[in-house]
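Curious how this folds, go ahead:
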Amino acid sequence: MEKYMQWLKQKIYFKSVSATLLITIIILVVAKLTVCGVLLSNILFTSGLLLICISIIDVLLRAHLLAGWFRHKKKGETDEEYRKNKIKVNEVGSLKNMPVQSSKFGRSCLAAGSILILGAILITI
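Model prediction:
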């Protein structure tokens, strides 16, 4: 169990995700006791979607989607030299074939967003 907790602390911001879980549980209890459950559910769901979108943006920023597309003419380079210089296909291919990377922030946003969406679903049930 100790190894798992260490691994989890290395992969996500554990305190932030735990705080999100605690806040979601408190909002779940408040929503069940009050009349404004649908409003709170909508707020949680929208917040969860926002965090998941941030996580997706984090992954896409590290994806090297435009690698090899843009090659600008260097200063002092003639048109013939510019046409002769080919894009290094092996370098671009190895860069594009790298595994998908996500940062600790992106994984934490994904976990917190999932918790918020599950809380919103539980409120509406």
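
need the longest helix for this structure.
Selection of the longest helix in the chain by residue count, based on DSSP state H, yields helix 37-61.

looking only at pLDDT, what's the mean for the following helix or strand past that helix?
Counting by DSSP states H and E, the element after helix 37-61 in chain order, helix or strand, is helix 79-84. Here helix 79-84 scores 73 as its mean pLDDT.

distance between helix 79-84 and the chain's centre?
Helix 79-84 sits 40 Å away from the centroid of its parent chain (Cα atoms, centre = their mean, to the nearest Å).

How about stretch 106-117?
8 Å.

Quick one: residues in contact with it.
Identification of contacts with stretch 106-117 by Cβ atoms under 8 Å, 6 or more residues apart in numbering yields 11-13, 16-17, 20-21, 24, 44-45, 47-52, 54-55, 58-59, 102. Heads up, the C-betas are built off the backbone N, CA and C, glycines and all.

try 7 Å this time
Identification of contacts with stretch 106-117 by Cβ atoms under 7 Å, 6 or more residues apart in numbering yields 11-13, 16-17, 20-21, 24, 44-45, 47-49, 51-52, 54-55, 58-59.

Just the buried residues out of those, in ChimeraX syntax.
Those of the contacts of stretch 106-117 that count as buried under 16 or more other Cβ atoms under 10 Å are selected in ChimeraX with:
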select :12,13,17,20,21,24,44,45,47,48,51,52,54,55,58
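
Now do the contacts for the residue most central in space within the chain.
In the chain, the residue lying closest to the centroid (Cα atoms, centre = their mean) is residue 55, at 1.3 Å. Residue 55 sits next to 106, 109, 110, 113 when contact means Cβ under 7 Å, 6+ apart.

which stretch of helix or strand covers the residue lying closest to residue 48 once chain neighbours are set aside?
Spatial nearest neighbour of residue 48, excluding adjacent residues (Cβ to Cβ, 6 or more residues apart in numbering): residue 116 at 3.3 Å. Taking DSSP H and E as the definition, one finds residue 116 inside helix 104-124.
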